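Asks: Starting from these lines, generate the structure:
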Amino acid sequence: MLKYNLGDVMNKEFILLLQEIDIDINSNQLKQFEKYFELLVLWNEKINLTAITDKREVYIKHFYDSLCLVKGIKFSNQTLLDVGSGAGFPSIPLKIIFPELKITVIDSLNKRITFLKDLIDNLGIDIELIHGRVEEYKRKNSFDIVTARAVANLRMLAELCVPFVKKEGVFISLKGPKYEDELKTCTNAFKILKVSISEINKYKIDNNQRVIIILKKNEKTGKTYPRQFSKIKSKPL
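Replies: Numbers count the residues shown, from 1 in each chain. Prediction:
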C-alpha cells in the first residue's frame with residue numbers, strides 16, 4: 001500500500017479520487033505531480049498558462065480532470081498527439097501515470113513549449129514537443145489517439161484534430177455542459193471527416209459538468225483537411 005504524509009490533505013484527496021477511477025499512484029508519481037504544480041505556479045508568473053493556481057483546484061480541475069480520460073480509453077503504449085496542450089493538459093498527467101504512452105505535443109506558442117521543455121526535464125519524462133500550428137503538421141493518419149482540451153468549438157476542433165488520427169483510432173475532446181449544442185452543429189463535419197461518436201462520458205468535478213467525447217476514425221483523411229485556420233473559422237464544415 002502507498003505510504004504518504006497523512007498531513008498532506010491534497011495528496012489524500014487526490015489519491016482517493018484516482019482510486020475511484022481505478023488508478024493506483026505511487027510515491028514517485030506523487031512527487032512528479034508536486035513538482036508539476038510548483039513549476040506551473042512559478043512559470044505562470046512569467047507567462048499566462050492558467051487562471052487556476054490554487055493547489056487543490058490545480059490538482060482537481062487540471063490533473064484529475066486530465067486523468068478522467070480513463071473513463072473511456074484503456075491506455076497502454078499507444079501513440080498520442082495532444083493538440084494545443086497549453087500547460088500540458090491532458091498529456092502530461094497521462095504520461096506520469098502511463099509512462100509507456102508515446103506522446104507528441106504541438107502548440108503554436110513557443111513560450112508554452114519552453115515551459116513544457118523545462119517541465120519534462122524536471123519530471124524526467126520523454127515527450128516530443130513541437131512548436132507550430134497543427135493545421136501545418138505533416139503526420140496525418142498517424143496517431144492512435146488525438147486529444148484536445150481547448151475551448152474551441154467541437155466543429156472546428158474536429159477538422160483540426162481528426163486528420164491526424166489513424167484509421168480505427170480515436171479523437172478525444174474534453175468539454176463542458178454545453179456539449180450538446182456543439183454536437184448539433186457537427187453532423188456534416190463528422191460525415192466529411194469520416195468519424196462517428198464512439199462514446200460520451202459525463203462526470204462532475206466540484207458539481208461542474210464535464211464531458212469526454214470520443215470519436216472513432218472510420219476512414220483515412222485525404223489531402224484536403226485540415227484547411228488553413230482562417231478557412232476553418234470563416235467556413236466551418
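Asks: in this structure, which spans are helices?
Replies: 9-20, 27-44, 55-57, 65-67, 91-97, 110-123, 154-161, 179-184, 187-193, 229-234 (DSSP state H).
Asks: Next, the buried residues of the first one.
Replies: Residues Met10, Asn11, Phe14, Ile15, Leu17, Leu18 are the ones in helix 9-20 that count as buried (16 or more other C-beta atoms under 10 Å). C-beta coordinates here come from the backbone N, C-alpha and C atoms, glycine included.
Asks: quick one on the thing from earlier: can you list the helices of the chain in JSON lines and add mean pLDDT and distance to Ile200?
Replies: Compiled in JSON lines, these are given as follows (pLDDT from 0 to 100; distance: least, C-beta to C-beta, whole Å):
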{"stretch": "helix 9-20", "mean pLDDT": "88", "distance to Ile200": "20"}
{"stretch": "helix 27-44", "mean pLDDT": "95", "distance to Ile200": "28"}
{"stretch": "helix 55-57", "mean pLDDT": "92", "distance to Ile200": "25"}
{"stretch": "helix 65-67", "mean pLDDT": "95", "distance to Ile200": "16"}
{"stretch": "helix 91-97", "mean pLDDT": "97", "distance to Ile200": "20"}
{"stretch": "helix 110-123", "mean pLDDT": "96", "distance to Ile200": "29"}
{"stretch": "helix 154-161", "mean pLDDT": "94", "distance to Ile200": "12"}
{"stretch": "helix 179-184", "mean pLDDT": "92", "distance to Ile200": "8"}
{"stretch": "helix 187-193", "mean pLDDT": "94", "distance to Ile200": "13"}
{"stretch": "helix 229-234", "mean pLDDT": "91", "distance to Ile200": "23"}
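Asks: can I get the buried residues of helix 9-20 in TSV with distance to Lys140?
Replies: Supplementary listing: the buried residues of helix 9-20 in TSV, determined by distance: C-beta to C-beta, whole Å:
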residue	distance to Lys140
Met10	41
Asn11	41
Phe14	37
Ile15	39
Leu17	36
Leu18	34
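Asks: tell me the centre residue of this structure?
Replies: Pro90 (3.0 Å; C-alpha atoms, centre = their mean).
Asks: That one contacts Asp82, correct?
Replies: Yes. The criterion here is C-beta atoms under 8 Å, and Pro90 meets it with Asp82 at 6.9 Å.
Asks: any shared contact partners between these two?
Replies: Thr147 (C-beta atoms under 8 Å, 6 or more residues apart in numbering).
Asks: Next one, pLDDT for Asn207 please.
Replies: pLDDT recorded at Asn207 is 85.
Asks: tell me the contacts of it?
Replies: Asn207 neighbours (C-beta under 8 Å, 6+ apart): none.
Asks: what does Leu157 give?
Replies: By C-beta under 8 Å, 6+ apart, the neighbours of Leu157 are Val83, Ala148, Ala150, Ser173.
Asks: let's go with 10 Å and repeat that
Replies: 83-84, 134, 146, 148-151, 171, 173, 175, 182, 186, 189, 213, 232 (C-beta atoms under 10 Å, 6 or more residues apart in numbering).
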